[in-house]
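Colleague: Sequence first, predicted model second:
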Amino acid sequence: MKPTRVRFAPSPTGFVHIGSLRTALYNHLFAKNRGGSFLLRIEDTDRTRFVEGATENLINVLKWAGISYDEGPGVGGDFGPYYQSQRSEIYRKYARLLLSKGAAYMAFDTPEELEKMRLAEKSARDPAPRYNSAVRLKMRNSLVMTQAEVETEIEKGSPYVIRLLVPENRTFEFSDLIRGEVKFDSSHVDDQVLIKSDGYPTYHLANVVDDHEMKISHIIRGEEWLSSVPKHLLLYEYFGWQAPAMAHLPLIFNPDGTKMSKRDIQTLGELPPGKVDPNVETYIKRGYEKEAILNYIALLGWNPGEGDERQIFSLDELVKEFSLERVNKSAAIFDIKKLDWLNSEHISRRDTSVLVSQIKPQLLDKDVEIPSEKYLFQVVELLKTRLHFLNEFLPIAGYFFADPEEYEPDAVKKRWKDDSAKLVLEFCEQISNLTDYNAGTIEEALRMVAERNNVGGGRIIHPARLCVTGKSVGPGLFEILEVLGKETVLRRLKKGAETIPTIKQ
RNA sequence: GGCGCGUUCGUCUAGGGGCCCAGGACGCCGGCCUCUCACGCCGGUAACACGGGUUCGAAUCCCGUACGCGCUACCA
């Protein structure tokens, strides 16, 4: 059996689309699952759409996601170069081969002439005429021109393209690994341009040549390529090569069922309702965990199968479980809610010590003073389950690092009663005498004060939380008080008992 | 328009003739826990696009219709 070799072949024309990332992921998973190789190939043959920095950006995103590749830019490999723009000579060689076999021809038609042809051929029956057997003999190409005429044009330096000669009455059948049998008739295939007038190949020639030269065993790519498979099959046939197995992935849609488009954000500035941002970097910037994103997009079109109801997967687990047979045929809608859930799920399953090391930099960055590693660990432990995004840590944990500067007005209104200051101070008194200061003894102390005053625990708990954190929500009060330490707690309780009544009115 | 692909709860999906008056997950709703919020736990809501076949029996197979999406470039 031939070794498994797959590739992710993006074109550097902008940001990294969420669908591209999934394609890359699936390729990577498939390769690693089978002990094969995953390569990255940059399809930069469209010089007009080339975007500076797009390739670097793409590589960074893959690196961020932990989707490693065995061959490609930056890592090398035996089948390079991995930039198509650096392989022009190879494509020209194969184009000449096609020419010599009569499988392709040169065409000198100008864009204006093509436009004229389309206009002339356009009819109700055929609103989108193709450059094919029906019209090619009416055009200016090496099929109708004499050898001498062709040479003259070339000498004149006239721009020309090389087109694929698509035979009439051919049926192209193939078995897609995801979709099953797919059939096309050659009458719907056009004489595809193989080499553009600028000398660069089109995707169609380049991907066939490269996939063969790079010994690709399986092509896993988006469904938008399904329609051009017949052209590729014809090329493999002309070259006498065996085509790789193919798998066409379903698309990812906006919540409103439309295609996730870069235009949604680029031209409108902000996202219209029903749309979702297709740019992976947007999610990185918002603070999504890479584990969550990978987990989510993996599940968008793939699942582990009957009886396996797991939702949470690490990259390693995905590698272990992935198979193309379990990839769906139909498009999926990108639902941010589930991504959010996965994000908090991945965070709360993470070791606290790991979280500490991830959170520390953002605190240092904001000049937050961290009393000790152990202290931070305790705080994170306490807040872990309510942390949905790592970057939410400081906003919800601020009071662990500084005395509250204000008290939530609504909470003051609701929880601060006339006797609150008195109760809080009594509670102060009680805990200041504590020799063994911990959540358990603190609670005992509080309950005692409550009982003595004939009130429920809540009458002290809420005001105390307000004094100490300034907030109405958070972890259990006794745990907070323990972590904060007696000295800090007493200071804050006294300060609160003094200040809150003044703002109450 | 042509060609291709697709269509199970709001969303992601399980299901490949009887195990399904359709299972799981997110969301939503209700409850429990409780000092609040979150977590967790328990329960609920909700779907086989439509119409014909085939069959003793169809979400599952076939045909048609509708709808959606893709392609229809010297873009990928």
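Modeller: Yes, it's here.

Colleague: Just to be sure, residue A:499 is in a helix?
Modeller: Yes: applying DSSP: H, G, I helix; E, B strand; the rest coil, one finds residue A:499 inside a helix.

Colleague: Please name the nearest non-neighbouring residue to it.
Modeller: Spatial nearest neighbour of residue A:499, chain neighbours left out: residue A:407 (7.5 Å); criterion: C-beta to C-beta, 6 or more residues apart in numbering. Any C-beta I mention is one placed from the backbone N, CA and C, and that applies to glycine too.

Colleague: list the contacts for that neighbour?
Modeller: A:466-467, A:470, A:496, A:499-500, A:503 (C-beta atoms under 8 Å, 6 or more residues apart in numbering).

Colleague: repeat that for 6 Å
Modeller: Going by C-beta atoms under 6 Å, 6 or more residues apart in numbering, residue A:407 touches A:466, A:470, A:500.

Colleague: Tell me how far the residue lying farthest from the centre of chain A lies from residue A:477.
Modeller: Most distant residue from the mean C-alpha position of chain A: residue A:452, 58.6 Å away (C-alpha atoms, centre = their mean). Look at residue A:452 and residue A:477: by C-beta to C-beta, to the nearest Å, they are 18 Å apart.

Colleague: looking just at contacts, which helices and strands does the helix or strand that contains residue A:298 meet?
Modeller: According to DSSP states H and E, residue A:298 maps onto helix A:290-299. Other helices and strands packing on helix A:290-299, by 3 or more C-beta pairs under 6 Å, 6 or more residues apart in numbering; DSSP states H and E, are helix A:336-349.

Colleague: how does it look with 7 Å?
Modeller: helix A:18-33, helix A:54-65, helix A:336-349 (3 or more C-beta pairs under 7 Å, 6 or more residues apart in numbering; DSSP states H and E).

Colleague: so how far is the first one from its chain's centroid?
Modeller: Taking the mean C-alpha point of helix A:18-33 and that of its whole chain, the gap between them comes to 11 Å (C-alpha atoms, centre = their mean, to the nearest Å).

Colleague: hey, C-alpha coordinates of the next helix or strand after that helix in CSV?
Modeller: With elements assigned by DSSP H and E, the helix or strand that comes after helix A:18-33 is strand A:37-40. In CSV, the C-alpha atoms belonging to strand A:37-40 read as follows (Å, rounded to 0.1, in the frame of the first residue of the first chain):
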residue,chain,number,x,y,z
SER,A,37,2.6,12.8,5.9
PHE,A,38,0.8,16.1,5.9
LEU,A,39,2.2,18.8,3.7
LEU,A,40,1.6,22.5,3.2
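
Colleague: same for strand A:37-40, what does it pack against?
Modeller: strand A:5-8, helix A:18-33.

Colleague: does the first one come close to RNA strand B?
Modeller: Spelled out, it's strand A:5-8. No: Strand A:5-8 does not reach RNA strand B (C-beta under 7 Å from any atom of the strand); its nearest approach is 11.2 Å.

Colleague: what sits up against that strand?
Modeller: Strand A:5-8 has contacts (C-beta atoms under 7 Å, 6 or more residues apart in numbering) with A:23-24, A:27, A:30-31, A:36-41, A:214-218, A:220.

Colleague: ok so, going back, so how far is RNA strand B from the residue farthest from the centre of chain A?
Modeller: 17 Å (C-beta to the nearest atom of the strand, to the nearest Å).

Colleague: number of nearby residues for the closest residue to that residue other than its chain neighbours?
Modeller: Spatially, and ignoring its direct neighbours in sequence, residue A:452 is nearest to residue A:426 (7.7 Å; C-beta to C-beta, 6+ apart). Per other C-beta atoms under 10 Å, the neighbour tally for residue A:426 reads 19.

Colleague: hang on, residue A:426 packs against residue A:451?
Modeller: No: the criterion here is C-beta atoms under 7 Å, and residue A:426 misses it with residue A:451 at 11.5 Å.

Colleague: so residue A:474 makes contact with residue A:480?
Modeller: Yes: with contact defined as C-beta under 7 Å, residue A:474 reaches residue A:480; the gap is 6.5 Å.

Colleague: So what does the closest residue to residue A:83 other than its chain neighbours have for phi and psi?
Modeller: Nearest non-adjacent residue to residue A:83, counting by C-beta to C-beta, 6+ apart: residue A:42, 4.7 Å away. In terms of degrees, to the nearest 10, the main-chain angles of residue A:42 are phi -90, psi 120.

Colleague: how far away is residue A:42 from residue A:296?
Modeller: 26 Å.

Colleague: Give me the distance between stretch A:150-159 and the centre of its chain.
Modeller: 47 Å.

Colleague: Report the buried residues of it.
Modeller: A:150, A:153 (16 or more other C-beta atoms under 10 Å).

Colleague: Quick one: mean pLDDT for it?
Modeller: With pLDDT averaged residue by residue, stretch A:150-159 scores 95.

Colleague: Can you name the residues in contact with it?
Modeller: By C-beta under 7 Å, 6+ apart, stretch A:150-159 touches A:106, A:108, A:142, A:160, A:197.

Colleague: got it, and stretch A:181-199?
Modeller: A:47, A:88, A:91-92, A:95, A:104, A:130-132, A:136, A:159-176, A:201-202, A:204-205, A:226, A:230-231.

Colleague: Alpha carbons of that stretch, as PDB, please.
Modeller: Listed next in PDB are the C-alpha coordinates belonging to stretch A:181-199 (Å, rounded to 0.1, in the frame of the first residue of the first chain):
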ATOM      1  CA  GLU A 181     -20.300   8.000  -7.000                       C
ATOM      2  CA  VAL A 182     -20.300  11.300  -8.900                       C
ATOM      3  CA  LYS A 183     -20.800  11.600 -12.600                       C
ATOM      4  CA  PHE A 184     -20.200  14.400 -15.100                       C
ATOM      5  CA  ASP A 185     -20.600  14.700 -18.900                       C
ATOM      6  CA  SER A 186     -17.800  16.400 -20.800                       C
ATOM      7  CA  SER A 187     -20.300  18.700 -22.600                       C
ATOM      8  CA  HIS A 188     -20.400  20.700 -19.400                       C
ATOM      9  CA  VAL A 189     -16.700  21.000 -19.100                       C
ATOM     10  CA  ASP A 190     -14.900  23.800 -20.800                       C
ATOM     11  CA  ASP A 191     -11.500  24.000 -22.400                       C
ATOM     12  CA  GLN A 192      -9.900  25.100 -19.200                       C
ATOM     13  CA  VAL A 193      -7.000  27.500 -19.400                       C
ATOM     14  CA  LEU A 194      -3.900  25.600 -18.100                       C
ATOM     15  CA  ILE A 195      -1.200  28.300 -18.500                       C
ATOM     16  CA  LYS A 196      -2.200  31.900 -18.300                       C
ATOM     17  CA  SER A 197      -0.800  34.600 -20.500                       C
ATOM     18  CA  ASP A 198       1.500  35.700 -17.700                       C
ATOM     19  CA  GLY A 199       3.100  32.300 -17.800                       C
END
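
Colleague: Give me the buried stretch members for it, please.
Modeller: A:182, A:184, A:186, A:189-196.

Colleague: What of stretch A:378-389?
Modeller: Going by neighbour count (16+ other C-beta under 10 Å), the buried part of stretch A:378-389 is A:378-384, A:387-389.

Colleague: quick revisit: identify whichever of the helices and strands packed on strand A:37-40 lies nearest to residue A:76.
Modeller: strand A:5-8 (14.8 Å; C-beta to C-beta).
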